[in-house]
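Participant: Model the structure of this input:
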Amino acid sequence: MYFPSRALRFSLPVALLVLTAGCATDGGITGVNPSIPAATKTAQLRPGDNLTVVLQGVPDPSTNPVQIDDQGLISLPFIGSLAAAGTSPAELSTRVRETYIAKKIYTTVDVSVSVTERYVYVGGEVVHPGRIIWAPDLTMTKAIQAAGGFTLYAKEEKIALVRDERTYDLNAKLAQKNPAQDPRLMPGDSLQAPRSAF
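Facilitator: Below you'll find the predicted structure:
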C-alpha cells in the first residue's frame, strides 16, 4: 500500500487552503474608477438632440419640434435648413432670429430654443444596444440597466466611456458595489461593453 511522504501530506492541505482562500473573495473588489472631467461641450447642441423652437411676436406664432440631423442641421418653416450642432440653445435662438430677419420673412421675431431630449449611447455586450435618454442623474450602471443589462459575455471590469474624444476604462462591478464609483454621464457620452475572452 502507498503512503504519501510526510512533505507531500503537509503541502497538500496548505495548497488547498491557498486555493480556497483565493476563490472565497467575492466582495473583495477594490480600487477606484478614474476621475472623469466634466464634458467641455455639455451646453453645445449635437446631432440627435430634440429641440423645441418657439417663434413669437409675429402674425403666425408657432411651436416647432425639431431634431438635429446627422449633418447638424434643423429645418424650420420659410427658412429651411439651418446649422444647429456645435451651438448653445441661446446661440441658436439668435441665429434663427437673424435668419428670419435677413431673409425678410419677419421684421421682428422673438425666438426661444429649448432642449427636450438628449442622449447617451450604450453599445457592445448589452442586451439592447442603442441610445438612452439622458437625465441629470443618469450614471454608468443606470444606463447599462436601461440597455437591458449585460450579456453573459460582457467584460464588466473594463467598460469604455468616451467623452470629448477621450476614452476612460471603468469597472462596472466596482460601481455596483460602491455608488461613489459610479460616474454620472453627460449628454453625448458613449459606453462600450467589450466581450470577455472567457
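Participant: wait, isn't P77 in contact with N64?
Facilitator: Yes - counting by C-beta atoms under 8 Å, P77 touches N64, with 6.9 Å between them. Yep, even glycine has a C-beta here, placed from its N, CA and C like the rest.
Participant: So between the two, which is more surrounded?
Facilitator: The neighbour count for P77 versus N64, taken as other C-beta atoms under 10 Å, is higher for N64 (15 against 12).
Participant: Which residue ranges of the protein form strands?
Facilitator: 50-56, 62-67, 73-76, 80-83, 110-117, 119-124, 130-133, 159-163, 166-170, 190-193 (DSSP state E).
Participant: Show me what the longest one pairs with in its sheet, parallel or antiparallel.
Facilitator: The reference is to strand 110-117. strand 50-56 (antiparallel) (DSSP bridges).
Participant: what angle separates the strand it pairs with from strand 119-124?
Facilitator: 170 degrees (axes from the mean of the first three to the mean of the last three C-alpha atoms, to 10 degrees).
Participant: what's strand 50-56 in contact with?
Facilitator: For strand 50-56, the surrounding residues in contact (C-beta atoms under 8 Å, 6 or more residues apart in numbering) are 45, 61-68, 74, 76, 84, 89, 92, 96, 100, 109-118.
Participant: how about a cut-off of 10 Å?
Facilitator: Defining contact as C-beta atoms under 10 Å, 6 or more residues apart in numbering, one finds that strand 50-56 is touched by 45, 61-68, 74, 76-78, 82, 84, 89, 92-93, 96-97, 100, 105-106, 109-119, 133.
Participant: Equivalent analysis for stretch 90-105, please.
Facilitator: 43-45, 51, 53-55, 57-58, 64, 68, 74, 76-80, 82-88, 106-114.
Participant: Quick check on those: which are buried?
Facilitator: 44-45, 51, 53, 55, 68, 74, 76, 82, 84-85, 87, 106, 109, 111-113 (16 or more other C-beta atoms under 10 Å).
Participant: Tell me who's in contact with the residue found closest to I133 once you drop the neighbours it is linked to in the chain.
Facilitator: Of all residues not flanking I133 in the chain, E117 sits nearest, at 5.6 Å (C-beta to C-beta, 6 or more residues apart in numbering). Contacts here follow C-beta under 10 Å, 6+ apart; on that basis E117 touches G48, D49, N50, L51, Q67, R131, I133, W134, A135, P187.
Participant: What separation do you get for E117 and A135?
Facilitator: Separation of E117 from A135 (C-beta to C-beta, to the nearest Å) stands at 10 Å.
Participant: Mutual contacts of those two, please.
Facilitator: In contact with both E117 and A135: P187, using C-beta under 10 Å, 6+ apart.
Participant: Figure out how far stretch 186-198 is from the centre of its chain.
Facilitator: 9 Å (C-alpha atoms, centre = their mean, to the nearest Å).
Participant: and if you look at stretch 101-108?
Facilitator: With C-alpha atoms, centre = their mean, you get 39 Å for stretch 101-108.
Participant: Regarding it, how distant is the last residue from the first?
Facilitator: With C-alpha to C-alpha, to the nearest Å as the measure, stretch 101-108 spans 7 Å from end to end.
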